[in-house]
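Trainee: What follows is a protein structure lacking sequence information:
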């Protein structure tokens, strides 16, 4: 099974994801992560995280604090596939 790489950009003040991007290529994921880190370098209210796992389900379980209880897995998948 291929690894799913997901970039999460989380607003700590609002308590919500402000961006999610999914990548199958680890090099592309790392490049986008570095770009997002630079974009938010001076913003202590935003957290940028790159995670990898075997599925979106696993990411939701292992990084549950980033996902609202109101967000279904379908909503997350739709956000990632846009």
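Mentor: Happy to help now that I have it. Computed from a predicted model, the values in this text were never measured in an experiment.

Trainee: C-alpha only now, for contacts and for neighbours.
Mentor: Noted.

Trainee: which SS class is residue 19?
Mentor: What DSSP: H, G, I helix; E, B strand; the rest coil gives for residue 19 is strand.

Trainee: Need the three-state assignment for the residue nearest to it when sequence neighbours are not counted.
Mentor: The shortest distance from residue 19 to any non-neighbouring residue, by Cα to Cα, 6 or more residues apart in numbering, is to residue 9 (5.0 Å). For residue 9, the assignment made with three-state DSSP gives strand.

Trainee: Residue 9: neighbouring residues, count only.
Mentor: Using other Cα atoms under 10 Å, residue 9 is surrounded by 22 other residues.

Trainee: okay, and for the protein, where does confidence drop off?
Mentor: Low-confidence segments of the chain (pLDDT under 70): 1, 68-78, 81-82.

Trainee: And the strands in the chain?
Mentor: Ranges of strands within the chain are 4-11, 16-23, 46-53, based on DSSP state E.

Trainee: wait, doesn't residue 5 sit right on residue 23?
Mentor: Yes - if you go by Cα atoms under 8 Å, residue 5 and residue 23 touch, sitting 5.0 Å apart.

Trainee: The two: which is more packed in?
Mentor: residue 5 (23 against 18).

Trainee: beta partners for that one?
Mentor: residue 23, residue 52 (DSSP bridges).

Trainee: for the strands of the chain, which one ends up most surrounded?
Mentor: Mean neighbour count, computed with mean count of other Cα atoms under 10 Å, is highest for strand 4-11 among the strands of the chain, reaching a mean of 21.

Trainee: hang on, the earlier thing: find residues that contact each of residue 5 and residue 23.
Mentor: Residues touching both residue 5 and residue 23 (Cα atoms under 8 Å, 6 or more residues apart in numbering): residue 29.
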